[in-house]
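S.K.: would you be able to build a 3D model of this:
(chains A and B)
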Amino acid sequence: MGGVRLLVRTFSELCLTVGTLIVLFVVYVLYWTGVQAQSAGAGQIDALQREWASTPVAAPAPTPAPAEGSTAGSRAPATAPEARQPYTPGKGIAVMYVPRLGKDWKWPVLEGTGPGVLKKGLGHYAATARLGATGNFAVAGHRRTYGDPFKDFPRLRPGDAVVLTDGTTWFTYRVDRSPYRTLPTDVGVVAPVPKPLRKNAAGYDGPGRYLTLTTCEPEWGSSHRLIVWAHLDTTQPVADGRPQALGS
Amino acid sequence: MYGWIWRHLPGNAWVRALISIVLVLAVVYALFQYVFPWAEPLLPFNDVTVDGQ
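M.R.: So this is what the prediction gives:
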């Protein structure tokens, strides 16, 4: 009799323990990763701004604002962005603002797309172009967990601004298409001239200064990816103040 | 299981309760600091890139 009682009690305690573990893990994934990512992201932005403040104001790239249209960058390429030294893996390279995702929405963009990088902010695909350069500046971010940076990704619409700054220049990209749903193997979406599996999904036919954002689809899954493309619309030196797309 | 631990803690009920709380906090800390960060990448929320994997 006592043996059965001990067995039942131990079993109950095990069930309670496992249940508590699961609840704690859910709290960790849904809440704690967000707390950590918010603070890491803010820390990265602070570090970037300190770095920018301490370096002498270099003359911004004499990049003429490309004209409207998807073939914008087919003209003379900028001299400066390509000439600078390559990005350091894991280090912050820019701050991104997307008014559509929230008035106060801002996240650092770090070099690389490994899990460790994406815990602190958005990740720049290392093999893709530099910010503002001819080619495709591709950025990945979490849809859920780790601060949910791209939670409202499906709300992005053509014409929405994606604004980035590297400390010397403001780059305003404009979204060209509604989010495109594709497979994780569709690596053409981050090509210099985006070439997704579904022809014409991107609609770019020549070189330009493009931006690609990628995140997971569905929201809590990983079977697909959601893609948004944008082209560089305007640039302006940081000294001239915040770009119009940011409101003030 | 928990009864066994309780019986093997030293001191009176108050001391045991205090030690229990410290033990629980230590376990939760270890989970959040080491176990969950290891387990979380096994979930699909990290797959946000197109890389063919």
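S.K.: which residues are in contact with the residue nearest to A:His224 when sequence neighbours are not counted?
M.R.: Once flanking residues are discounted, A:His224 sits nearest to A:Glu217: 4.1 Å by Cβ to Cβ, 6 or more residues apart in numbering or on different chains. (Glycine included, C-beta is placed from N, CA and C.) When contacts are counted by Cβ atoms under 8 Å, 6 or more residues apart in numbering or on different chains, A:Glu217 is found next to A:Arg143, A:Arg181, A:Ser223, A:His224, A:Arg225, A:Leu226.
S.K.: list phi and psi for A:Glu217.
M.R.: Backbone torsions for A:Glu217, taken as degrees, to the nearest 10, come to phi -150, psi 130.
S.K.: quick check: A:Leu16 is in a helix.
M.R.: Yes - using DSSP: H, G, I helix; E, B strand; the rest coil, the assignment for A:Leu16 is a helix.
S.K.: any idea how far it lies from A:Ile22?
M.R.: 11 Å (Cβ to Cβ, to the nearest Å).
S.K.: up against chain A, what does chain B have?
M.R.: Contact residues (Cβ under 8 Å from any Cβ of the partner chain) of chain B with chain A: B:1-3, B:28, B:31-32, B:36, B:39-41, B:43-53.
S.K.: give me that answer again for 7 Å
M.R.: Near chain A, the residues belonging to chain B are B:1-2, B:28, B:31-32, B:36, B:40-41, B:43-53 when assessed by Cβ under 7 Å from any Cβ of the partner chain.
S.K.: narrow those residues to those that are buried.
M.R.: B:Leu31, B:Phe32, B:Phe36, B:Glu40, B:Phe45, B:Asn46, B:Asp47, B:Val48, B:Thr49, B:Val50 (16 or more other Cβ atoms under 10 Å in any protein chain shown).
S.K.: return the residues in contact with A:Glu13.
M.R.: By Cβ atoms under 7 Å, 6 or more residues apart in numbering or on different chains, the contact list for A:Glu13 reads B:Met1, B:Tyr2.
S.K.: helix, strand, or coil at it?
M.R.: Criterion first, three-state DSSP; result for A:Glu13: helix.
S.K.: before we move on, the earlier item: with respect to A:Val35, which of the buried ones among the residues of chain B next to chain A is nearest?
M.R.: Using Cβ to Cβ, B:Phe32 is the member of these that sits closest to A:Val35, with 10.7 Å.
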